[in-house]
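Asker: Give me a 3D structure for the following:
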Amino acid sequence: MVYNYINNNLIMPEEIPEKDKIQYADDDTEPVRLLLRLRIPSLIIGLLLGIVLSFVTSKFAGVLAKNIAIAFFIPFVVYMAAAVGTQTQSIYVRDLKTGKANFKKYLLKESALGFILGLILALVTALVILLWFKSVELALAVSLAIFGAVFTAPLIALIVAEILELEHNDPAVGAGPIATVIQDTVSILIYGFIATAIIL
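Answerer: Numbers count the residues shown, from 1 in each chain. Predicted coordinates:
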């Protein structure tokens, strides 16, 4: 059974109108041709957004030239945000398929989690960089970027998954490539602007 939040009742899957049904990618039962058709659109969008991400990164050449150590932490900032976003997305998409997910509740709780996780990871990052590089500027730039990137990650993951669900697309297929590249771009922008403001 699926919970219908609009009418506030339980409905059987066969009672869902055809236009509202989501075609889920299932490697166990679906042919490769269908799996490709379901997966390619989001990967093409991810590819195009990835080109935008490369362009955005190139705009921070000035701060990278001033302090090359800034470049060392680009993968770190991007990865930490992606890891947090992926956790949120995996849990939300799983609950979407069962019909138990409530977007507003997720948004409130994941905002709180993003803030707390961002704070914890930022403090640990600042301590490690201070001990490693002995640079307050670098520690401040990276830790603030970690906080901002981790705080926004769950929100981006949730919003992208919810939009795909509302458009009757399988969020398990589309949310990963699209949310990841959006989050990567946001993380680079946050890191680039913070590092530029502190170091240049």
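Asker: Check the burial of the residue lying closest to Ala175 once chain neighbours are set aside by counting its neighbours.
Answerer: Nearest residue to Ala175, sequence neighbours excluded (Cβ to Cβ, 6 or more residues apart in numbering): Ala161, at 4.2 Å. C-beta: built from backbone N, CA, C; applies to glycine. By the criterion of other Cβ atoms under 10 Å, Ala161 has 27 neighbours.
Asker: distance of Ala161 from Gly50?
Answerer: In this view, Ala161 and Gly50 are 19 Å apart by Cβ to Cβ, to the nearest Å.
Asker: ok, now Ile194?
Answerer: 22 Å.
Asker: before we move on, back to that, does anything pack onto the host helix or strand of the residue nearest to Ala175? Which helices or strands?
Answerer: Element membership for Ala161, per DSSP states H and E: helix 136-166. Contacts defined by 3 or more Cβ pairs under 8 Å, 6 or more residues apart in numbering; DSSP states H and E place helix 136-166 against helix 69-72, helix 74-98, helix 103-133, helix 171-199.
Asker: pLDDT on the third one, on average?
Answerer: It stands for helix 103-133. In this model, helix 103-133 has an average pLDDT of 96.
Asker: What of the last one?
Answerer: When pLDDT is averaged along helix 171-199, the result is 90.
Asker: tell me which residues of it are tucked away?
Answerer: Neighbour counts using 16 or more other Cβ atoms under 10 Å place 171-196, 198-199 of helix 171-199 among the buried residues.
Asker: In terms of secondary structure, what does that helix contact?
Answerer: Helices and strands touching helix 171-199, by 3+ Cβ pairs under 8 Å, 6+ apart, are helix 32-58, helix 61-66, helix 74-98, helix 136-166.
Asker: Could you rerun that using 10 Å?
Answerer: Counting contacts by 3 or more Cβ pairs under 10 Å, 6 or more residues apart in numbering; DSSP states H and E, helix 171-199 is packed against helix 32-58, helix 61-66, helix 69-72, helix 74-98, helix 136-166.
Asker: and that helix with helix 74-98, angle?
Answerer: If you take axes from the mean of the first three to the mean of the last three Cα atoms, to 10 degrees, helix 171-199 sits at 150 degrees to helix 74-98.
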